[in-house]
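S.K.: show me how the following folds:
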Amino acid sequence: MSNTDLTFNANQDKNQRLQKIYQDLRLKIYHGGGVKAAAKQHDKGKLLARERINYLKDKDADFMEIGTFTGHDMYAEHGGCPSGGVVGGITRVSGKLCVVVANDATVKAGAWFPITAKKNLRLQEIALENHIPIIYLVDSAGVYLPLQDEIFPDKEHFGRIFRNNAILSSKGIPQIAAVMGSCVAGGAYLPIMSDEALIVDKTGSIFLAGSYLVKAAIGETIDNETLGGSISQTDLSGVIDDRFPNDEACLDRIKFLVDKIGDFNLAGFNRKKALLPKGNSQDLNGILPFERSKPYASIDIIKRLVDESVFEEYKANFGKTILCGYARIDGWAVGIVANNREIIKNKKGEMQFGGVIYSDSADKAARFIMNCNQKKIPLVFLQDVTGFMVGSRSEHGGIIKDGAKMVNAMSNSTVPKFTVILGNSYGAGNYAMCGKAYDPRLILAWPSAKIAVMGGEQAAQVLLQIEKASLAKKGEDITPEKEQELLQKIIDRYNKQTTPEYAASRLWVDEIINPLDTRKWISTGIEMANHAPVQKYNVGVIQT
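M.R.: Numbering: from 1, shown residues only. Sure thing, here's the model as predicted:
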């Protein structure tokens, strides 16, 4: 066995172990608020959030969950908030791609934490950008009061949900809501601002103020069922359209309603018969180095993601630290922009570091992005980037101007963009390669991803120098032992903040995925995006 084989096998083993860690964590998160909390829901005759989605979706359809890791390792002092207390994602209902959002009543009775609002807004954004129906399965006690100041009044807080209801409605994007548990206070507006509002008898209730608050406010004594139960809100108030005896019957009506939704104008992205890559997709785990600093041939990754492993490269001999080219993924035509992680020679014979964006690479990428917009081809960004090249030579050569050109072309792109973070995602490289701030339709991370302003070792050295200078001003000396201890502490803290679960818990990425599922995610994303017509591309001012 050659040294190359040994390296491949070692990478494969370590990457698969890492994926197993995330799969185990995912299964743990699926328990939500725990076994006892789940049993209480079942005792009431209710399905759990993921059970409701599983019943609602088509039998052979995947549920592409968004934000599984949302809230992970956050709010420990409040008992945690697995998946942000809400389960959501993309699936097929009655043959149509839909966004489904289901409150998890096992987590603080489905109360809204700050991260819950952020996740709901992200799911609404996906429906809005792609013009696909959105289904709300409501079962929530409303705002989590101990953190109300972090969720209530600001622009991207709780009230933005209802603003989005109105915007979705104005654009003719169908919204269907089912009240399957509590629905109180401001949260009551969500189902009623939807096109269809349904309720489950006995377990569902909807009102602006519950019986205790009514008693305190106006002195009226009344129980919650009489106040806002299914009969009151269908037969008396007419607030809800119809009531159903149980969760299953209510979900069956949603399937019926979705089945009647007409088709929308399509964007018209090019698709042919899907073909598998010639390269074995299982090789992805062996090609990608487990050590993030090691170089590798990014083209080998691309050839295991695209149909028949055919990648028609754009300007192959220019700007070599970024690979640009045309391909198909599951039949869909795509333009790929990928960081080249090989150590290469430029046109002058000079060595260039893989994963670094140089001026010529940025210029090439900008032109390719503009070409894809001209041809109406969706863009796929494969990130493994350490940033832009620095130093006097790069600065004098205009790296800022060329980087700005790439960022401008990418920011103004109107064809759908999809970002997959394979490895490093550092600094301005994250931005230029379509990070979260630049509106990718989906942004996904492999378990090997690292997201930060710079690498842990580099950042730690900078922070250490700042700390040493601060202590020196106070007249304190640092021994070599103390310096090493301080350095390691900074590295450990910084490295924790670069992990994909740290990013996913805060919704910097939509989901951590198995590399072998990358094709499926991108294909579903383009099919979803195909429901929304593409706007005219106007790149604005780009310096040449």
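
S.K.: low-confidence ranges in the protein?
M.R.: The model of the chain has pLDDT under 70 over residues 1-4, 396-397, 456, 540-544.

S.K.: which helix in it has the most residues?
M.R.: In the chain, with assignment by DSSP state H, the single longest helix is helix 3-29.

S.K.: chain center to that one, what's the gap?
M.R.: Here helix 3-29 shows a centroid-to-chain-centroid distance of 22 Å under the convention CA atoms, centre = their mean, to the nearest Å.

S.K.: in it, what's buried?
M.R.: Using 16 or more other CB atoms under 10 Å as the test for burial, helix 3-29 gives 7-8, 11-12, 14-15, 18-19, 22, 29. Glycine gets a C-beta too; all of them are placed from N, C-alpha and C.

S.K.: do stretch 69-78 as well
M.R.: 69-72, 74-75.

S.K.: ditto for stretch 41-51
M.R.: So for stretch 41-51, counting by 16+ other CB under 10 Å, buried means 41, 46-51.

S.K.: for stretch 516-524, output the C-alpha coordinates as PDB.
M.R.: What follows is stretch 516-524, C-alpha atoms only, in PDB (Å, rounded to 0.1, in the frame of the first residue of the first chain):
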ATOM      1  CA  LEU A 516     -22.700  12.200   0.700                       C
ATOM      2  CA  ASP A 517     -26.000  14.100   0.800                       C
ATOM      3  CA  THR A 518     -24.600  17.200  -0.800                       C
ATOM      4  CA  ARG A 519     -26.000  16.500  -4.300                       C
ATOM      5  CA  LYS A 520     -29.500  15.800  -2.800                       C
ATOM      6  CA  TRP A 521     -29.400  19.100  -0.900                       C
ATOM      7  CA  ILE A 522     -28.300  21.200  -3.900                       C
ATOM      8  CA  SER A 523     -30.800  19.500  -6.200                       C
ATOM      9  CA  THR A 524     -33.700  20.100  -3.900                       C
END
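
S.K.: other residues contacting that stretch?
M.R.: 62, 64, 90, 97, 274, 281-282, 284, 305, 329-332, 334, 380, 418, 420, 442, 444, 446, 511, 513 (CB atoms under 8 Å, 6 or more residues apart in numbering).

S.K.: still on that earlier bit, so which of the buried residues of stretch 69-78 is the closest to residue 254?
M.R.: The closest of the buried residues of stretch 69-78 to residue 254 turns out to be residue 70 (CB to CB; 23.9 Å).

S.K.: wait, residue 285 touches residue 11, no?
M.R.: Yes - counting by CB atoms under 8 Å, residue 285 does reach residue 11; the two are 6.6 Å apart.

S.K.: surely residue 123 touches residue 102?
M.R.: No - here residue 123 does not reach residue 102: they are 10.3 Å apart, not a contact under CB under 8 Å.

S.K.: overlap of the contact sets of these two?
M.R.: Residues touching both residue 123 and residue 102 by CB under 8 Å, 6+ apart: residue 88.

S.K.: of the two, who's got more company?
M.R.: residue 102 (25 against 22; other CB atoms under 10 Å).

S.K.: and that one, what element?
M.R.: Assigned by DSSP states H and E, residue 102 belongs to strand 96-103.

S.K.: alpha carbons of the helix or strand just after that strand, as PDB, please.
M.R.: Counting by DSSP H and E, the next helix or strand C-terminal to strand 96-103 is helix 114-130. Only the C-alpha atoms of helix 114-130 are listed here, as PDB (Å, rounded to 0.1, in the frame of the first residue of the first chain):
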ATOM      1  CA  PRO A 114     -34.800  34.500  20.900                       C
ATOM      2  CA  ILE A 115     -33.200  31.800  18.700                       C
ATOM      3  CA  THR A 116     -36.700  30.400  18.000                       C
ATOM      4  CA  ALA A 117     -37.700  33.700  16.400                       C
ATOM      5  CA  LYS A 118     -34.500  33.700  14.300                       C
ATOM      6  CA  LYS A 119     -35.200  30.200  13.100                       C
ATOM      7  CA  ASN A 120     -38.900  30.900  12.200                       C
ATOM      8  CA  LEU A 121     -37.800  34.000  10.300                       C
ATOM      9  CA  ARG A 122     -35.200  31.900   8.400                       C
ATOM     10  CA  LEU A 123     -37.900  29.300   7.400                       C
ATOM     11  CA  GLN A 124     -40.300  32.100   6.300                       C
ATOM     12  CA  GLU A 125     -37.400  33.600   4.300                       C
ATOM     13  CA  ILE A 126     -36.900  30.300   2.400                       C
ATOM     14  CA  ALA A 127     -40.600  30.200   1.500                       C
ATOM     15  CA  LEU A 128     -40.600  33.800   0.500                       C
ATOM     16  CA  GLU A 129     -37.400  33.700  -1.600                       C
ATOM     17  CA  ASN A 130     -38.500  30.500  -3.400                       C
END
